[in-house]
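# Based on what follows, work out the 3D shape:
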Amino acid sequence: MIGFQAVHAEPMQRVINVAAKWIMGLQSKNTLTDAFTICFELGFPPVHQEMCALRARLNYKLEAHTDGGLNDWLQTLYDSPPTDLGVSHTWVTLSRKWLRELMNDTSKYNRTITLNEGDGTLRLVYHTDQAAPLRPWAQLGKALEMSVRSNNYTSHNLRGFRAAFLGQTSEGEPPSDTLEAPHVRPQNGELVDAGWDFPTERLAMDLGRLVPQGRTRGEIAKVSLVRDTVLERMMSSNTSKGFNQFYDCFSLGTTWGFIREATNRPDLAEGVRWLSMIRTRAFPTVEGAWQRIKRSGRTPCFERGKCPLCMRGIRLGWEWTHLLIECTSEVVRYERQRHLESSITYIKRNLDNREDQVARYADFMGREQQIGFTEVLSIYLIGGLYRPIGLSDGEGWFDAYFVGFGATRMLCPGFESYGYTFVASFLQRVAPRWVACLGEEPLIFGDEADTAETLSVGSEGHPVDQRHNWFTEGYDPGLLWGYVGSNLPTGAE
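Model (predicted):
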């Protein structure tokens with residue numbers, strides 16, 4: 001009943017949004033970061049999406065009559081809605097209309113690219129015979145997550161994907177002919193070029209879902225279809241930069257499952273939080289800190305538009321890229337060499353001879369001032385792709401580092417751990433120093449993790465909570481302020 005209108009879900013959604021911001025270490029009143037993106041990153045389904053799923057489940061039971069149908073007055077009302085009271089729309093008629101309209105979007109991504117014989121141009125052909133409601137990265141992420149969490153689920157696509165990555169099938173045979181040999185792991189470990197048929201994958205997922213007692217597989221499949229269709233509508237209507245121009249643009253949602261694996265590494269909890277802040281566009285910026293300090297009547301202790309650590313020019317919104325790749329501060333360079341050198345070297349080698357593809361994709365996106373090789377490299381480091389995942393036309397590939405980031409339980413060749421661990425380790429050491437340098441005084445260290453963009457502890461109105469408590473063990477406050485002159489660790493020079 002509550003899910004009848006989306007507006008009814010908003011009060012509960014606001015509560016969840018506040019909780020998600022607190023988990024991320026943000027102030028509850030933060031409006032700069034898209035709450036939908038944060039919730040998706042943390043695995044919190046939207047309230048409206050779940051209410052629509054419950055509404056679809058009730059409708060399915062009422063339609064079934066038997067084998068799970070209801071045996072009470074609501075079933076009678078549903079079968080014979082009132083028509084003699086001048087009521088043109090009832091809960092029954094509106095629910096049926098809502099479901100019919102929703103079903104029009106279930107095949108949104110079941111499409112192929114064909115060549116027009118007349119003029120040789122390309123066109124998209126949509127197929128309505130099978131469901132494919134989610135955009136490619138979301139569907140792939142859902143399939144990978146389900147394959148990790150459910151031993152009863154498998155599919156031809158997943159087996160081919162795994163065979164392409166490992167270089168052999170589960171029986172020890174070479175990958176099938178549909179996988180291009182130069183791009184499988186044994187040759188160079190760079191690309192996994194495996195076809196992915198999303199409508200077929202959808203059917204396999206419906207067959208692989210566990211059916212709780214008292215429900216039917218048809219009910220489970222229909223509710224899941226409604227849930228995903230509503231989610232796609234919410235994604236399509238989200239115009240925020242954090243989601244539309246970043247999280248969605250670089251397929252970051254495919255690898256959000258690394259947070260599940262991160263529960264096994266409590267020592268990296270703070271680094272994982274910083275990584276998630278980058279992925280959701282919540283990382284503190286120089287411009288944001290500078291403006292807040294100026295509005296308070298104080299003078300910032302750092303230059304506007306420059307990195308407070310190395311004093312080099314910095315691009316607004318890409319401060320995290322500067323830290324990961326370019327910052328020349330001795331501390332940052334030392335931590336980069338210690339934690340990221342192998343990852344950066346590996347990704348650079350994989351991107352060799354693909355600069356033209358990077359340039360073409362940047363032109364295609366047309367965002368702000370475009371992106372270059374440095375931004376592309378940093379996007380890979382945080383678990384993203386700079387090229388959209390292909391559809392049923394066979395276009396698309398997956399970098400091995402992307403596959404081994406932490407969402408698939410498959411390691412990138414040559415690495416002893418998932419990709420997220422190296423970035424989280426780096427950020428856990430560098431990010432606190434970054435935010436401290438955006439203020440005038442040292443912040444609290446030790447058991448309290450500081451994520452402030454300004455200078456005083458406990459101040460109100462800032463987008464980042466300065467007393468966030470995520471640190472557990474092994475944190476050395478001296479790492480922030482001890483890297484001066486002869487105090488640098490051996491080899492840091």
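
# can you give me the strands for the chain?
For the chain, the strands defined by DSSP state E occupy 111-115, 122-126, 191-192, 398-399.

# Please list all residues in contact with Ala53.
Contact analysis of Ala53 by CB atoms under 8 Å, 6 or more residues apart in numbering lists 223-224, 226-227, 230. The way it works is simple: take the backbone N, C-alpha and C, and place the C-beta from them, glycine included.

# how far out from the middle of the chain is stretch 72-91?
In terms of CA atoms, centre = their mean, to the nearest Å, the centre of stretch 72-91 is found 43 Å from the chain centre.

# Which positions in it come out as buried?
With burial defined by 16 or more other CB atoms under 10 Å, the residues of stretch 72-91 counted as buried are Tyr78.

# Isn't Ser276 up against Ile259?
Yes: using CB atoms under 8 Å, Ser276 is in contact with Ile259, at 7.1 Å.

# Any chance you could list residues touching both of those two?
41-42.

# These two - which one has more neighbours?
Ser276 (25 against 19; other CB atoms under 10 Å).

# How about the contacts made by the more buried one?
Ser276 touches 24, 41-42, 259, 282, counting by CB under 8 Å, 6+ apart.

# 6 Å instead, please
Glu41 (CB atoms under 6 Å, 6 or more residues apart in numbering).

# so where's this protein uncertain?
For the chain, applying pLDDT under 70 flags the ranges 1-4, 65-69, 84-88, 112-124, 168-195, 353-370, 387-397, 440-493.

# Show me the longest helix that occurs in it.
Ranked by residue count under DSSP state H, the longest helix found in the chain is helix 217-237.

# With just CA atoms, put it into CSV.
Output of helix 217-237 as CSV, limited to C-alpha atoms (Å, rounded to 0.1, in the frame of the first residue of the first chain):
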residue,chain,number,x,y,z
ARG,A,217,10.0,-19.6,-9.1
GLY,A,218,7.6,-17.5,-11.3
GLU,A,219,7.0,-15.2,-8.4
ILE,A,220,10.7,-14.8,-7.7
ALA,A,221,11.5,-14.1,-11.3
LYS,A,222,8.7,-11.5,-11.7
VAL,A,223,9.6,-9.7,-8.5
SER,A,224,13.2,-9.6,-9.5
LEU,A,225,12.3,-8.2,-12.9
VAL,A,226,10.2,-5.5,-11.4
ARG,A,227,13.0,-4.6,-8.9
ASP,A,228,15.6,-4.3,-11.7
THR,A,229,13.3,-2.3,-14.0
VAL,A,230,12.5,0.2,-11.3
LEU,A,231,16.2,0.4,-10.5
GLU,A,232,17.0,1.2,-14.1
ARG,A,233,14.3,3.9,-14.2
MET,A,234,15.9,5.5,-11.1
MET,A,235,19.3,5.4,-12.7
SER,A,236,18.0,6.9,-15.9
SER,A,237,16.4,9.8,-14.0
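
# Just list what that helix packs against, helices and strands only.
Helix 217-237 is packed against helix 47-64, with contacts defined by 3 or more CB pairs under 6 Å, 6 or more residues apart in numbering; DSSP states H and E.

# Pull the number of nearby residues for Cys249.
19.

# And the most centrally placed residue in the chain, how close does it get to Leu144?
For the chain, the residue sitting closest to the mean C-alpha position, by CA atoms, centre = their mean, is Gly253 at 2.4 Å. In this view, Gly253 and Leu144 are 11 Å apart by CB to CB, to the nearest Å.

# repeat for Arg57
Distance, Arg57 to Leu144, using CB to CB: 25 Å.

# Equivalent analysis for Tyr386, please.
Distance from Tyr386 to Leu144, by CB to CB: 19 Å.

# what do you get for Asn59?
Asn59 sits 30 Å away from Leu144, going by CB to CB.

# Repeat that for Thr106.
From Thr106 to Leu144 the distance is 21 Å (CB to CB).

# one step back: might one say that the residue nearest to the centre of the chain is in contact with Leu140?
No: using CB atoms under 6 Å, Gly253 is not in contact with Leu140, being 9.1 Å away.

# nearest spatial neighbour of Ser425, skipping sequence neighbours?
Using CB to CB, 6 or more residues apart in numbering and skipping residues adjacent in sequence, the residue nearest Ser425 is His339, 4.6 Å away.

# residues contacting the one you found?
Contacts of His339 (CB under 6 Å, 6+ apart): 422, 425-426.

# just Ala131 next, same as before
106-107, 202, 225.

# In helices only, show me those residues.
Judged by DSSP H, the contacts of Ala131 include 202, 225 as members of helices.

# Go through the contacts of Ala131 and name the one nearest Arg14.
Leu225 (27.5 Å; CB to CB).

# contacting residues around that closest one?
106, 131.

# what's the distance between it and Phe36?
Counting by CB to CB, the gap from Leu225 to Phe36 is 21 Å.

# tally of neighbours for the residue nearest to Met24 when sequence neighbours are not counted?
Using CB to CB, 6+ apart and skipping the chain neighbours, the partner closest in space to Met24 is Ile38 (5.7 Å). Neighbourhood size, Ile38 [other CB under 10 Å]: 28.

# Make sure Ile38 is actually in contact with Thr280.
Yes: assessed by CB under 6 Å, Ile38 is found in contact with Thr280 at 5.1 Å.
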